[in-house]
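In: need coordinates for the following:
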Amino acid sequence: MTEMLMVLGGLLVLAAGLGWWRHSRPVSFWYAIVFPARAALVYLTWRHVALGCGLGRKRRRWRWSLDAVPVAGAASRGAAALVEHKRRVQRVDVERAPRLGVLRPTGLGWRVRLRLHDGQVPADYERAAEGIAHAWRVHAVRVVDVAPGRVTLWATMHDPLTAVDVEPETGELLRVRPGKLENGSDWIMDFRTVPHWLNAGATQSGKSNLANAIIKGLAPQPIALVGFDLKGGVEFTPYAPRLSALATSRVESVDLLADLVGIVEDRMALCRTQGARNVWSLPERLRPVPVVALVDEVAELFLMADKTEKDQIAKTSTSLLRVAQLGRAFAVHLVICGQRIGSDLGPGVTALRSQLSGRVCHRVNDPETANMTLGDLDPAALDAARAIPAETPGVCVVAGQDGSWHRARSVYVSEHDAEQAARDHAHLTPTWAALLAAPLTGELPDAA
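Out: Now for the predicted structure:
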């Protein structure tokens with residue numbers, strides 16, 4: 001009895017210690033206890049999981065067998081039934097699972113590389129990902145890396161996008177940290193790597209919040225911010241202290257876009273005279289200030305009420321396309337936002353979309369907008385965007401600089417916080433007249 005009580009006491013102490021370890025040191029508990037147990041489960045059940053998800057392949061194998069053959073004439077002599085065993089080679093079909101590599105733990109789950117069977121493609125594993133996730137009892141399984149004959153699966157134990165708490169400021173020029181990716185790493189928007197971005201989303205999906213995070217992240221940097229607010233100025237006017245220029249109507253947008261095209265052309269001429277391929281190759285004293293233009297409700301620039309607006313739409317479309325095509329080399333960048341981005345708006349939207357290599361798709365109201373944003377990149381990304389629930393504002397699908405797509409969520413930045421950042425850094429705002437003249441004078445513009 002005493003020994004039993006001692007065993008029970010020891011078990012209680014062990015359980016209490018494991019509970020304390022799990023809550024006070026979750027990272028070490030994951031790597032030391034949970035992950036080894038999960039890895040053992042994956043290896044032990046992989047064959048059944050793979051075959052159940054349709055990832056197995058039948059292969060013919062030679063198998064030796066012993067057959068019992070009666071001895072001829074033994075029964076006629078009244079002797080006991082005699083048999084002899086003969087070896088026989090037989091071909092059988094054996095269903096095999098893909099070869100599973102070494103599980104490598106991450107902070108949120110693990111990664112594992114698999115060798116494809118002959119005839120398999122990565123799309124087979126993308127279709128089976130949901131079934132594998134249920135079998136492994138994890139939040140999600142994604143195909144994250146593809147190599148000839150191999151794929152890498154990434155499993156996450158829980159959703160890292162439930163709560164996002166980061167600071168958008170990075171301290172690096174033209175780099176913003178608007179939120180988190182589903183792999184737990186920071187979501188970085190680097191305008192020098194991906195110069196232009198398309199931000200699509202319905203009302204209350206998080207599209208405007210992402211714009212707030214971008215403004216807050218860029219406000220402390222020595223750059224010029226330009227706004228196109230086709231809602232009459234209600235979105236961007238509160239950030240006017242940090243904006244070098246703001247257009248609130250289509251007429252104003254036509255003029256402001258013409259100025260942007262003029263800035264690009266002047267910087268092009270400056271680089272040509274200095275023998276530089278882009279502004280980043282210029283001497284620092286001649287390097288012009290980067291410009292980031294944010295366009296809200298881009299559909300308003302392409303909608304036509306009557307034929308009298310046809311010329312304005314043509315000028316707008318041409319200017320936006322020229323800035324998108326030439327802006328990267330000359331430090332002029334675009335962030336195009338909109339609820340509705342469809343081919344019905346005209347060929348100008350489709351041509352513009354092809355120049356916006358950075359894509360962000362929040363929850364949208366129509367499949368055409370999701371298709372215009374992500375459909376030319378990856379069908380799996382399009383499916384993920386359509387599955388974003390309405391109760392998760394800020395969640396989006398991002399396709400950016402690493403060549404793949406991710407689920408992400410932007411950090412919540414209130415309008416008050418974005419306005420405060422605009423006021424705090426208003427002294428960094430260069431005047432629009434100085435920006436227009438800078439490429440001609442070879443001098444950096446002064447702040448307002």
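In: wait, a strand at Pro288?
Out: No: counting by DSSP: H, G, I helix; E, B strand; the rest coil, Pro288 is not part of a strand but coil.
In: what is the burial count for it?
Out: Close neighbours of Pro288, defined as other C-beta atoms under 10 Å, add up to 24. Every C-beta, even on glycine, is put in place using the N, C-alpha and C of the backbone.
In: repeat that for Gln355.
Out: Using other C-beta under 10 Å, Gln355 has 20 other residues around it.
In: again with the one 10 residues further on
Out: Summarising burial for Asn365: neighbours were counted as other C-beta under 10 Å, giving 13.
In: list the contacts for it?
Out: When contacts are counted by C-beta atoms under 8 Å, 6 or more residues apart in numbering, Asn365 touches Ala202, Gln339, Arg340.
In: in strands, which of the residues you listed appear?
Out: Per DSSP state E, strands hold no members of the contacts of Asn365.
In: list just the nearest of these to Ile388.
Out: The closest of these to Ile388 turns out to be Ala202 (C-beta to C-beta; 9.9 Å).
In: who's in contact with the closest one?
Out: Applying C-beta under 8 Å, 6+ apart, the residues near Ala202 are Gln339, His362, Arg363, Val364, Asn365.
In: can you select the buried ones from those residues in PyMOL?
Out: In PyMOL, this line selects whichever of the contacts of Ala202 come out buried by 16 or more other C-beta atoms under 10 Å:
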select buried, resi 339+362+363+364
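In: put together JSON lines for the contacts of Ala202, with distance to Val49, secondary structure and pLDDT on each row.
Out: Converted to JSON lines, the contacts of Ala202 look like this (distance: C-beta to C-beta, whole Å; DSSP: H, G, I helix; E, B strand; the rest coil; pLDDT from 0 to 100):
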{"residue": "Gln339", "distance to Val49": "41", "secondary structure": "coil", "pLDDT": "87"}
{"residue": "His362", "distance to Val49": "33", "secondary structure": "coil", "pLDDT": "92"}
{"residue": "Arg363", "distance to Val49": "32", "secondary structure": "coil", "pLDDT": "91"}
{"residue": "Val364", "distance to Val49": "34", "secondary structure": "coil", "pLDDT": "88"}
{"residue": "Asn365", "distance to Val49": "37", "secondary structure": "coil", "pLDDT": "83"}
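In: wait, which of the contacts of Ala202 is closest to Asn278?
Out: His362 (32.1 Å).
In: how far away is the residue lying closest to that closest one once chain neighbours are set aside from Cys361?
Out: Sequence neighbours aside, Gly201 is the residue nearest to His362 in space, at 2.9 Å (criterion: C-beta to C-beta, 6 or more residues apart in numbering). Gly201 sits 7 Å away from Cys361, going by C-beta to C-beta, to the nearest Å.
In: just name the closest of the contacts of Asn365 to Leu246, please.
Out: Using C-beta to C-beta, the contacts of Asn365 come closest to Leu246 at Gln339, 20.3 Å.
In: how many residues are close by Gly131?
Out: By the criterion of other C-beta under 10 Å, Gly131 has 16 neighbours.
In: kindly report the same for Leu435.
Out: Neighbour count for Leu435, taken as other C-beta under 10 Å: 22.
In: looking at it, it is touching Ile263, isn't it?
Out: Yes: counting by C-beta atoms under 8 Å, Leu435 touches Ile263, with 6.5 Å between them.
In: mutual contacts of those two, please.
Out: Pro288, Val291.
In: could you measure Gln22 against Phe35, distance?
Out: Check again: residue 22 is Arg, not Gln. Counting by C-beta to C-beta - Arg22 and Phe35 are separated by 13 Å.
In: which of the residues in stretch 385-401 are buried?
Out: The neighbour-count check on stretch 385-401 (16+ other C-beta under 10 Å) flags Ala385, Ile388, Thr392, Pro393, Gly394, Val395, Cys396, Val397, Val398, Ala399, Gly400 as buried.
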